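S.K.: Here's my sequence, what's the structure:
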Amino acid sequence: MIVVRSPFRISFAGGGSDLPAYYRRFGGAVVSTTIDKYMYLVIHPYFNPKIRVKYSRLEDVERVEDIQHPIVRECLTRHRIPKGMEIASFADVPAGSGLGSSSAFTVGLLHALEAHQGRSVSASELAAAACDVEINRLGEPIGKQDQYASAFGGLSYIQFNSDDSVEVERLIVTPKTLRGFERRLMMFYLGQERSAGAILREQSANMADPAMAAGVARMVELAGQFRRALESSRLDECGHLLNENWRLKRGLAGGVSSEYVDEMYDRALASGASGGKLLGAGTGGFLLLYCEAERQEKVRCSLKELREMPFRFSEGGSQVIFSDNSEYLENIPLQNATM
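M.R.: Numbers count the residues shown, from 1 in each chain. Okay, here's the model as predicted:
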C-alpha cells in the first residue's frame, strides 16, 4: 500500500499570469502558499485482476482506457501499471473550491505511482509531469501554478518563463512575520462549487487584448511587491495589495465574480478587512480576507451565513506518508518529493 498526501494552496497575487497565453509572451509570476488541507491518494493491491478507482464514484474496469476519470486514466496510461490495483482518493475540502484540488490530485497520484514502482522523483519533475497530464494530454485551459505549489509546498514566489521553464523560490520570511501574516488571514466558504474551465478559456482568449494583458502585467508587479512586503516584514501593505490584485482580477473575464461574491467582499471590507480575494478562477469557492486580529470578530459577524475554515500554512509539498513497498523503503526515506 502507498499513501501520498499533497497540499492545497492559496494564491495571493499574480494569478492568471501562469496561463500559457500570457507567460509565453511576457513571463509571469505568482506568490502562493500551501496550507494544512490535503488531497490523499491511496494505492492498494486489488484481489481481482482489474483496476478499481474510488472517488465520488466507483469504477471497476478491465482496461485503463475504460476508466472514466480523465486524470486517473491519463496518469495510468503514462505509467502503464499492471492490473490488480485499487486507487482511492480523499480530500479535506470539496472539489472546485479554488484551492487547486485537481492539480493536487494529479500531483499526488503521479507521486504514488512513482513510489509504487520504487522510484524517487523530484518536486520539479513531479510538477512538470502533472502539467503534462492536465494541460497537454487532457487539454485543460489551466495554468501551472497549482501543480508547482502542491509539488514543492511552502510560501513561494513562482516564476513562469516564456520558454515554459518554471522557477520556484521560497520566500525568506522571519518566523515572527510568518506567524503574524498567518494570523491576519481568514477564509470563508461561499459554496457554489464549479468548474473553472470556461472562465480560464475566456481569460486566455482575452490576453490578445492589450488592456487585459496590461492588467495581468500589473498583477505580476503586485506579486513582486507582495514578496518584498513579506520579506521586509511590512505586513500592513499586504491587505492593500490583495485588494488591488482582486480588483484587477475581476476584470479579466466575465464570471470571475458575481453579485453575491461582491456583496460578501464589500461586507468584509466595511467590517474591517483591508483586502482579500476569491480563490481560484472565480464564481465560488473560498473567500480569502486579510484583517487585523482586533477586527476579525466583526468580520465574522458580518459574514455569519458563511462557514469559516481555520487553516495554517504548511511547509512540505507532496509527501509519501506510508509505503509498504519494500524496494521503495530500502532506497527512499518517507519524505517530500526531493527538490
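
S.K.: which parts of the one helix or strand Asp60 maps to are buried?
M.R.: Per DSSP states H and E, Asp60 falls inside strand 58-61. Using 16 or more other CB atoms under 10 Å as the test for burial, strand 58-61 gives Glu59. Backbone N, C-alpha and C define where each C-beta goes, glycine included.

S.K.: Following element in sequence after that strand, please.
M.R.: Tracing the chain C-terminally past strand 58-61 and defining elements by DSSP H and E, one meets helix 70-79 next.

S.K.: what residues does that next one touch?
M.R.: 51, 53, 55, 64-65, 67, 87, 102, 105-106, 109-110, 113, 117, 129, 133-134, 137-138 (CB atoms under 8 Å, 6 or more residues apart in numbering).

S.K.: What separation do you get for Ala115 and Asp209?
M.R.: Per CB to CB, to the nearest Å, Ala115 is found 44 Å from Asp209.

S.K.: And those two? Which one has more around it.
M.R.: More crowded of Ala115 and Asp209, by other CB atoms under 10 Å: Ala115, with 25 against 11.

S.K.: coming back round to it: pull out the buried residues from the contacts of helix 70-79.
M.R.: Buried members of the contacts of helix 70-79, counted by 16+ other CB under 10 Å: 51, 53, 55, 64, 67, 87, 102, 105-106, 109-110, 113, 129, 133-134, 137.

S.K.: Among the residues you listed, which one sits closest to Asn245?
M.R.: When the buried ones among the contacts of helix 70-79 are ranked by distance to Asn245 (CB to CB), Ser102 comes first, at 22.5 Å.

S.K.: My read is that that closest one contacts Glu134, right?
M.R.: Yes - using CB atoms under 8 Å, Ser102 is in contact with Glu134, at 7.1 Å.

S.K.: Could you tell me which residues touch both of the two?
M.R.: Contacts common to Ser102 and Glu134, judged by CB under 8 Å, 6+ apart, are 71, 140, 142.

S.K.: Count the neighbours of the first one for me.
M.R.: Put plainly, it is Ile71. Neighbours of Ile71 using other CB under 10 Å come to 22.

S.K.: Distance of it relative to Gly180?
M.R.: According to CB to CB, Ile71 and Gly180 sit 37 Å apart.

S.K.: Then the second one?
M.R.: Look at Glu140 and Gly180: by CB to CB, they are 36 Å apart.
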